[in-house]
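Peer 1: Sequence first, then the predicted structure:
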Amino acid sequence: MSEPKNSSALALPEILPDHPREECTVMVDDISEKKFSSWEEFCTFFDSWCEKNKVLFFKKSGVLLGKYKESGERLDPELVEMFKFNRAFLACKYYRADGGLVQSSNGDYRSGCPAYIILKLDTEEKKLVVTKAVLVHNHKLCPIEFANCFRRGRYLGDALFVIRMTNKMERQFLGVQDIRKLKVYLRKQDPDLRYVIERLGELFVVDPAAKVKLAFVENHCIMKYAILITSNMKNLCLKFSRVLYLSKITHMSDEFDFYTMLCEDANGRGRECVCCIAKKNTPNIFRCLLLSLVQCVPEIKFQVNCLMVESGTEELDVIRNVFPKAKVQLCRTWVLETLYNKAVEIEGFSYDSMWNFLCKLADSPSPSKYADCLRKMTTVFSKEFVRYFKNNWHPYKELWVDSWAFESNKGDVLRSFVRAHQQMIASELLSSWKIVDYIKIFYKLQTQKAEAVDFSEGEVSKHYRQICPVELADLVDEEISAAKSGCFKIQDSGNSFVLYDGTSEYTVSQEQTFCNCAVYASTLSYCRHLFATRLWSGESLFFMFCDRGSDELLQKPYCTNSNSKSIVTEIL
């Protein structure tokens, strides 16, 4: 807009007075020094403030935080996403810099309005602060103009839509359409978050029946936790839900905790039923994990007989509400280590007799034996420790003393499962622990190749050699070794399993007793595809075929598997 040659001689409209004696607007609702925890919080407040005062402010300029470089160091992506701008300048609709003029509706010109607001980021306090607010307008505020021009969420853009989406996501599993929408609207957000969404989209491509639940910090595009359940995890949970084990990894990241619920498959191996990646100190995360599992697999609500946890008693009511028939047990090894460390702290010294006494107490075979140990505790420990024990551990004796255990060895099983699981995860990640890295690990651990890493084929081969002819045992050795070393992509199509080894595709029956490969066709017995599928699905690797030359089975102990055809028997 070009400035008129003699602007001072032009008549000015009444609604834009040019002299102090004429009408102006002084806003009494001052916001100077007001602080905000995020750009979204500021925008939400500012929209309401503008509506209340019927004033039109527009963002004239701003320095994006992602492009602001003071120290040369890379800024935290979460900080960039949360605050957006290092500095923002908002001004009245009629503001003009350097004494510029404003043209009225009838073509006249006058000096611009002086009202403006400056917003700056305080990096130390991590707040957006209104450092200056000039709220004197040199014109009347027009409600009609405000109604025609004001639009809420003007400066949130796609983030407003995303926030509305993410605020509703926590209660439901995501669908393919939700992932697609997030991918579109997160294209300008944190690249790590975009990557997570893209990988979750890939999960739905290879496993349409997978379940994913995301929760975000309210009014922010910051992920709070992610819960993931593949179709194979769901099937494992359905088949082996009698006893479940909760694993929590906290020491490998300063930002996230890694939760998994494990079951014990037919081969005595710990298998994931659900995986959760959560920011540290996320409230009620254990409850969210359990409810999500039951929401995905409702049949298990009354099937779980025992739930083993590593530590803590604060979630007992939650567990009992979700799994009303389940007996809760604490990992006995964890309890003993906690008690021993506390005893050393209180007593100021350590003796073998202290540990031996605690082990004897935990292994009490009956309530009377436990009561005897409790009475003798003062002979080994001070009154202070005895008081600590009676206040903190005696009320929960049913959770960790052998006399009340669901099964006496389940605590040791939990420990071995958790240790093996943690070692497997630790071996995959060395330093960087972001949510992106967790997602990568999750994907890798769901493959047949990863499931076979800690599998000992020697034990299986040894067992078959005890009950099978030499030729058949040699075949088992070869095929089970190939099953472990092979790299198969396995999918459950509903009626059968489809295996792809990078070259060819094979079909295994739903009962996992038949395969269309050449080895099975020539021997009518064991093949690598049957073993790989059973290893992946959790079914027993010890099974035998009838002698096709006769109707007799090999004369060894066995029991009939009700889920299989008559040509297969499961070995005890």
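Peer 2: Structure's in. What do you need?

Peer 1: And the strands in the stretch 151-300 of the chain?
Peer 2: 211-216, 223-229, 243-249, 256-264, 270-279 (DSSP state E, counting those that start in this stretch).

Peer 1: Dump those to a markdown table, plus mean pLDDT and mean neighbour count.
Peer 2: Where you see a C-beta, it was placed from the backbone N, CA and C, and this is true even at glycine. Shown next, in a markdown table, are the strands of the stretch 151-300 of the chain (pLDDT from 0 to 100; neighbours: other CB atoms under 10 Å):
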| stretch | mean pLDDT | mean neighbour count |
| --- | --- | --- |
| strand 211-216 | 87 | 22 |
| strand 223-229 | 88 | 23 |
| strand 243-249 | 84 | 22 |
| strand 256-264 | 86 | 23 |
| strand 270-279 | 88 | 23 |
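
Peer 1: so which of those strands comes closest to Ser403?
Peer 2: Smallest distance to Ser403 across the strands of the stretch 151-300 of the chain (CB to CB): 18.5 Å, for strand 243-249.

Peer 1: partners of the closest one, with directions?
Peer 2: Its sheet considered, strand 243-249 pairs with strand 256-264 (antiparallel), strand 306-309 (parallel) by DSSP bridges.

Peer 1: now the last one: mean pLDDT?
Peer 2: Translated: strand 306-309. Average pLDDT, strand 306-309: 87.

Peer 1: returning to that earlier point: out of the strands of the stretch 151-300 of the chain, which is closest to Thr447?
Peer 2: strand 270-279 (12.3 Å).

Peer 1: and that closest one, which strands flank it?
Peer 2: Using DSSP bridges, the strands paired with strand 270-279 are strand 223-229 (antiparallel), strand 256-264 (antiparallel).

Peer 1: pLDDT below threshold where in the stretch 51-200 of the chain?
Peer 2: The model of the stretch 51-200 of the chain has pLDDT under 70 over residues 66-78, 81, 99, 103-107, 156-167, 186-190.

Peer 1: switch the cut-off to 80
Peer 2: 60, 62-82, 84, 96-111, 123, 138-140, 151-171, 181-194 (pLDDT under 80).

Peer 1: Which stretches in it count as helices?
Peer 2: Remark: helices assigned in the stretch 51-200 of the chain by DSSP state H, counting those that start in this stretch are 77-83, 143-149, 158-169, 176-185, 191-206.

Peer 1: Likewise for the stretch 401-550 of the chain?
Peer 2: 410-428, 435-445, 448-451, 457-467, 470-485, 518-523, 528-537.

Peer 1: for those, which one ends up most surrounded?
Peer 2: For those, average neighbour numbers computed from mean count of other CB atoms under 10 Å are highest in helix 528-537, which has a mean of 26.

Peer 1: Deepest in the core, which of the helices of the stretch 51-200 of the chain is it.
Peer 2: helix 77-83 (a mean of 20).

Peer 1: quick revisit: same list (the strands of the stretch 151-300 of the chain) but as TSV, adding distance to Thr379.
Peer 2: TSV is the format used below for the strands of the stretch 151-300 of the chain (distance: least, CB to CB, whole Å):
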stretch	distance to Thr379
strand 211-216	51
strand 223-229	48
strand 243-249	36
strand 256-264	39
strand 270-279	39
